[in-house]
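Can you look at this prediction? I've put the sequence above it.
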Amino acid sequence: MTVLLDVANLNKHFGGLHAVRNVSFQVRAGEIVGILGPNGAGKTTLYNLLTGFIPPDPGARVLFDGHDVLGRPPHRIAALGISRTFQLCRPFLGLTVLENVVVGGLGTGRRDDAELEKRALRLLERVGLAGREQLRVDALSYGDQRRLEIARALAARPRLLLLDEPFAGLGSAEMADLSALIRQVHADEGLTVLLIEHKLREFMSLVERVIALDFGEIIAEGPPAEIVRNPAVIEAYIGRDAEEAGALDAA
Ligand SMILES: Nc1ncnc2c1ncn2[C@@H]1O[C@H](COP(=O)(O)OP(=O)(O)OP(=O)(O)O)[C@@H](O)[C@H]1O
């Protein structure tokens, strides 16, 4: 399958802290790839670099579908086809559910309001928010805000979707529903997905391949069943976060 994302020599220093260290990897079109790592491993920083929120140190190369991503502002990278969700939902609280998704589609260059609205309505139905279009976002439950966040990201018509801890704060039934939704959009839209998640059971069952980070560096890469047995990955979790190590065991 064709390589959609090609990352080489990505580094990021914050002062003396080397938060992302010589990171190189590829993602093929249609894959679901998980980014695993304990707190502070550099996962969100990696997303911020890929989406143009922060610049990397010199010497990196990031190609998305053959286009050079680095140096472009976030809205241009989004227009190329990379969308993201955030660890903390960032909806526009003063707007309705529908308006939030319409806004998500504005960067596509399509200015036909009726068309944007039609697509937004379709997406809301898709994520299970039909009937709630005219509610203000703050009236939604936390789980529904997560669904809205995904609809908003999809409105930008991405080919690569970066999910940042989509299960955070959800109960087990909501997590199962959201897992099913992610699987469904992946299958239906032929979407390529990168997933950061601490809920390891859901994470391991969703992803086809895992890239494990520790202290900003890739320490292992492979299918989930191999990764949970990888000594370097176990070492990265044990001793630093007993709860996470237990979760790795259970996954
Ligand atoms: N803007 C910043 N300025 C300084 N240090 C930062 C900045 N952003 C992140 N860091 C540091 O870089 C390291 C990596 O942080 P990052 O948020 O990428 O980790 P993470 O793997 O996403 O962690 P978590 O699972 O807790 O979200 C951490 O030590 C963090 O404190």
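Right, received. Where do you want to start? Numbers count the residues shown, from 1 in each chain.

and residue 168, that's in a strand?
No: applying DSSP: H, G, I helix; E, B strand; the rest coil, one finds residue 168 to be coil, outside a strand.

can you pull out the helices in the chain?
Listed in chain order, the helices of the chain (DSSP state H) span 43-50, 74-80, 97-104, 113-126, 142-155, 172-189, 200-206, 224-227, 231-237, 242-250.

what would the ones you listed look like in a markdown table with distance to residue 4?
All C-beta atoms are positioned from the backbone trio N, CA, C, and that covers glycine. A markdown table is the format used below for the helices of the chain (distance: least, C-beta to C-beta, whole Å):
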| stretch | distance to residue 4 |
| --- | --- |
| helix 43-50 | 12 |
| helix 74-80 | 11 |
| helix 97-104 | 21 |
| helix 113-126 | 22 |
| helix 142-155 | 16 |
| helix 172-189 | 13 |
| helix 200-206 | 18 |
| helix 224-227 | 20 |
| helix 231-237 | 25 |
| helix 242-250 | 28 |
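
nearest spatial neighbour of residue 1, skipping sequence neighbours?
Excluding the flanking residues, the one nearest residue 1 by C-beta to C-beta, 6 or more residues apart in numbering is residue 28, at 4.2 Å.

Wait, the one you found touches residue 159, no?
No: contact criterion C-beta atoms under 8 Å: residue 28 and residue 159 do not qualify, at 12.0 Å.

what do those two both touch?
Jointly contacting residue 28 and residue 159 under the rule C-beta atoms under 8 Å, 6 or more residues apart in numbering are 4, 192.

okay, these two: which has more neighbours?
Using other C-beta atoms under 10 Å, the more surrounded residue of residue 28 and residue 159 is residue 159, with 18 against 14.

so who does the residue nearest to the more buried one when sequence neighbours are not counted touch?
In this structure, residue 159 finds its nearest non-sequential neighbour in residue 81, 4.0 Å apart by C-beta to C-beta, 6+ apart. Going by C-beta under 8 Å, 6+ apart, residue 81 touches 64, 65, 157, 158, 159, 160.

7 Å instead?
Residues in contact with residue 81 (C-beta atoms under 7 Å, 6 or more residues apart in numbering) are 64, 65, 158, 159, 160.
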